[in-house]
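Q: Kindly generate the corresponding structure for this input.
(3 chains)
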Amino acid sequence: MAVQFSQETYRQFEEVLTHYPTKRAALLPTFWLAQEEFGYLSPEVMEYIAQLLDLSPAYVAAVASFYTMFDKEPKGKFHLQVCTNLSCTLVGAQQIVECLEQKLGIKLGETTPDGKFSLSEVECLGSCGTAPVLQLNTGDYYENLTPERVTQLVEELAKQA
Amino acid sequence: MAERVLLRHLDVPDIHKLDVYLAHGGYAAARKALTTLTPEQVTEQVKASNLRGRGGAGFVAGMKWGFLPKDSPKPVYLCCNADESEPGTFKDRAIIEWNTHILLEGILITAYAIKCHTAYIYIRGEFAFGARRLHEAIAEAYKAGFLGKNIFGTGFDLDVYVHRGAGAYICGEETGLIESLEGKRAYPRIKPPFPATYGLFGCPTIVNNVETLACVPSIIANGPEWFKSIGPEGSPGPKIYCVSGHVEKPGLYELPMGMPLRTVIYDYAGGIRGGKKLKAVMPGGSSFPVLTPDEIDVHMDFDSMRKINAFLGTAGIIVMDEDTCMVRALEIIDRFYHHESCGQCSPCREGTGWLHKLLLRLEEGNGRPEDIDLMDRIAGNMMGNTVCVLADAAAMPTQSFLSKFRDEFVAHVTLGRCPLKKNGTGHRQAA
Amino acid sequence: MPKLTIDGREVTVEDGVNVIQAAERLGIEVPHYCYHPGLSISGNCRMCLVEIEKMPKLQIACNTKVAEGMVVYTRTPKVKAAQEAVLEFLLINHPIDCPICDQAGECKLQDYYMDYGAYKSRFPLEAKVRKRKVVDLGPHVVLDQERCILCARCTRFLDEVTKTSELGIFSRGDRCYIDLFPGKRLENPYSANVVDVCPVGALTHKDFRFKARVWYLEKTQSICTRCANGCNIDIYHRRGEMFRFRPRYNPHVNQYWMCDEGRLWYKALQQESRLTRPLLRGAQGFTAVTWDQAVNWVIEAITQAQATTTSGESAVAGIVGAKATNEEAYLCLRLLTSSCGTELVAGLSWSPPQAFADDFLIKADKNPNTRGLQALGLLNGKVAVTHILDAAEKGTIQVLVVFAADLVTALGREAVEKALGNVKVIVLDTDYSGTTEYADIVLPIGTVAETDGTYTNYAGRVQRVRQAFPPPGEAKTGWEALSLLHAKLGGASYLSAAEVFAELAQTVPVFAGLTYGKLGNHGVPLASLLPEEVRGAASA
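A: Okay, here's the model as predicted:
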């Protein structure tokens, strides 16, 4: 099989297995490890996970498809996910989306041709008191957003890339 | 209230760190529980405190624990529900990130009470920072002997694991959470059996919300009477109110349970932004009926809310001013349930999408007069007929918006456009 | 045994039965999609909602176990409204392409729409969720994702019965769809059962697609003869042509299932090679003759052989294949032993070496009636087929009757050629075979679909087959043909297979007491023959 965890990740995988009485319960943590290591969950990666956990590949893929944070295809290096649920929309999430679309030259759900940025809208991130908010990749939140703030963020990230 | 309990980090900086937490009396309640009380006595105290579940349902926590079978040969599991995803709700996140050890202490005491030796904190995937904080705090607690083997020398063992979700609202439903933890699609289970008898891995299981568990140490430390003295007797204790939307000071407010909604909005959250008029409030997240300005004198506790056919829910108060388009607001709400329906039960799977499409059409100015009653009927047909209450969570706001703001929906049909044309009336793709 | 009341009528049922099953006992239909008695409870379709006294909300009947004193209502306005609503939800994204749907006529959406629905669509077609049509899943099954109502019967079958989990439900909400893992196929030996469990037209069988509208087809209870397991089936047929086999429930044998190979076995039973007329070998090869001519020829051959026998050994011998029914095998035995006075009768149960078998339904023995022949003493080693062939080669026997057996395939052409050069070979069979090439006369008989009879499966269970249609052309059922010969040789003549079976039950002790009536729809095990593996099928 082509894909394989690195030694360090495999060690973490083995550690995760000890948390649960069944192998299957380690599926979501294993997805996280795989996404971290391989960037996204390709069919090859899912087949590898299926083998690691004694599950059928279809089962593994069906579970992965249930959870929106698991990417089934490559995303841009910086995936900007803007919450457009009610609290955020009430205080201007739409302007944030429009600003980002303009700045990046892409629409929601798209990735820039250079593969640097992806833009998505997401449901409530649990940051309604500091709305509008966006999440960068699967990590940090950027809160109390304004068009100026996101413009600045995009510029900073572009420099990093 | 003197010092805050749940949002204590606002009074004591860095309390998420173990040394600071200990310096302010941390883990004393756990020590007291484990070394001086039997598990049954702990359960009794929590029951006596009348602590009601802060996840939204308001079930008496001590009673829930009491449903566990006595002397089960199977292990008992505790799941901390940290899948906070209800729109307008951001209280658990604060506890997890900034008052981390009070949650762990609550888990420790609860695990002791229910004779559980393995607890999982199911945290929504988006809370990456929170998960990191939990890992750090758990490592500290293990090192200090508050987790692991032979805690406080009592022979009681407890392992706590952080389990990250990955973007699915339904994992906040307790059996959806259990299924997800087992490595499955988070389809809520048919009940009965309830988790207390057949839960995680088929074993007796208690699922409690973060805020609920975070209340437990203070009950043990100060006694159930102290807890009951805060707020109304029927649903007492400190409560975090989450205020968002069109208010001057959005944020979290820890106040006694049962505060009048008006007080929370106007006295604490600074009133409506820019001196505008209030139009509508979702008082408990987006899953319950909307309230109009003449309903906001209601007291925010489980029982008072029920009297006006509303729900306390998560106390995620979403405030909408006079410029808000109610069609657009409902479209966002129903888009959310359409996006989050697990797809298991036909009424919810098909109904949430149907409602959302009708609302989009209405918002775009292509609504038909009969659509308004149709939406009401769809919502009615979804309600109460599914495995879990996500269908109800979509139906309740829908029906209340349609009845309380009917004129605005009718105006969209007759004008063929939004009569307000403000506040995010921009078009969008279906979820 | 709790007693409960459903729609005002009392019924007493075993513990553990659900309300759908209890209602069924009273002839009350509780409509359902996701519930299947052979699978775990999923409770997702919400069609089986019923009202139960003392319960505030409607309850799903599939997940409600009966309880003493329970009072159920299945037809109240509240229930009807819920059923109507569920149907409406299921149909809003359904393509409603019944005119081109292969499931038409046996579609639960259609059925329930007529019974519980009756409203007009409130959702314009262009707004429906579009999904993939005609997805090729594997050698047998095609998927239409738009017709799927996500009842999860197929995925549960593959998770719970075959444990192969090739299909999954992907995505969420109304974007959910059934699919394979990329690059994988649905090709386990039982894959086509997903078509049977599918309540709508989402999963169809490639072989049956567009072949016939089901309402034109007749259905006859039978047994699959592909192997010794004896899976219970229904034969779907019209005007003497079979269109498909489908498994029929038998808790002791195959539950609700059958294998893919067996499902297509009907094709092997209606090939070009079918024999439709009695054939007599002349100088120019076979010529068709009448049954009278053929029977007279056979009788003459037998009597001549008996008359000219010198050694005192039998001049007549017989070989009976294990695809013969019990009745046919019994009559062969009667004919040869009583009427021809020979002890030289052997059974032949041949399967290809290393034939596929598993621990579920598929047996390595590819004959439907090996156990039946054993019960009749035909396979107990007393007389071996090779012994008969040796005798034929030596010239001690002059006439060999071969019933439903292909010696060439089983023993090789060389052995057959050597042995059959000097004997008159009388073949009774359904099809041309290697052996008919050595026949002097061929009598055409009917297949399993064309006769009444019984088979005894590997576990010793005697099960009935019923005539779906008469044999083609001038062919006769096997028992009729044998009865004819028997009568001509001075023996009894029989009016029905049941009569043959009644005599068999009287004369062969292990069958004692059995009748067609007693065999019922699920058969009866031969008590004294129970092999160790009897528990096999039911618990597998």
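Q: domains for chain A, by residue range?
A: A:7-66, A:78-160 (automatic domain parsing).
Q: Do the last one and chain B come into contact?
A: Yes: using Cβ under 8 Å from any Cβ of the partner chain, we find that domain A:78-160 touches chain B at A:84-87, A:89-94, A:98, A:108-109, A:121-131, A:135, A:138-141. C-beta coordinates here come from the backbone N, C-alpha and C atoms, glycine included.
Q: circling back to that earlier point, could the domains of chain A go into a markdown table alongside distance to chain C?
A: Shown next, in a markdown table, are the domains of chain A (distance: least, Cβ to the nearest Cβ, whole Å):
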| stretch | distance to chain C |
| --- | --- |
| domain A:7-66 | 3 |
| domain A:78-160 | 12 |
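Q: Let me have those in JSON lines, extended by mean pLDDT and mean neighbour count.
A: Output for the domains of chain A, formatted as JSON lines (pLDDT from 0 to 100; neighbours: other Cβ atoms under 10 Å in any protein chain shown):
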{"stretch": "domain A:7-66", "mean pLDDT": "98", "mean neighbour count": "19"}
{"stretch": "domain A:78-160", "mean pLDDT": "97", "mean neighbour count": "20"}
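Q: three-state assignment of the closest residue to chain A within chain C?
A: Of chain C, the residue with the smallest distance to chain A, taken as Cβ to the nearest Cβ, is C:Gly168 at 2.8 Å. The three-state assignment at C:Gly168 reads strand, by DSSP: H, G, I helix; E, B strand; the rest coil.
Q: Excluding covalently adjacent residues, which one is nearest to it?
A: A:Ala62 (2.8 Å; Cβ to Cβ, 6 or more residues apart in numbering or on different chains).
Q: Strands of chain B, start to end?
A: B:77-82, B:118-123, B:148-151, B:156-164, B:205-209, B:238-245, B:251-256, B:259-260, B:278-282, B:299-300, B:316-321 (DSSP state E).
Q: ugh, typo on my part, it should be the stretch 351-500 of chain C
A: All strands of the stretch 351-500 of chain C, identified by DSSP state E, counting those that start in this stretch, fall at C:399-403, C:424-429, C:441-444, C:453-456, C:461-465.
Q: most neighbours per residue, which of those strands?
A: Of all the strands of the stretch 351-500 of chain C, strand C:453-456 has the most neighbours on average by mean count of other Cβ atoms under 10 Å in any protein chain shown, namely a mean of 30.
Q: for that one, what is the average pLDDT?
A: Here strand C:453-456 scores 98 as its mean pLDDT.
Q: So which elements touch that strand?
A: helix C:326-334, helix C:370-375, strand C:461-465, helix C:497-507 (3 or more Cβ pairs under 8 Å, 6 or more residues apart in numbering or on different chains; DSSP states H and E).
Q: Next, find the distance separating C:Val17 from chain B.
A: 17 Å (Cβ to the nearest Cβ, to the nearest Å).
Q: do C:Ser351 as well
A: Applying Cβ to the nearest Cβ, the value for C:Ser351 to chain B is 42 Å.
Q: What sits closest to that residue if chain neighbours are left out?
A: C:Ser351 sits nearest to C:Lys366 (Cβ to Cβ, 6+ apart), 4.2 Å away.
Q: Same check on B:Gly130?
A: Counting by Cβ to Cβ, 6+ apart, the residue nearest B:Gly130 is B:Ile96, at 4.0 Å.
Q: and the one you found, how many neighbours?
A: With neighbours defined by other Cβ atoms under 10 Å in any protein chain shown, the count for B:Ile96 comes to 26.
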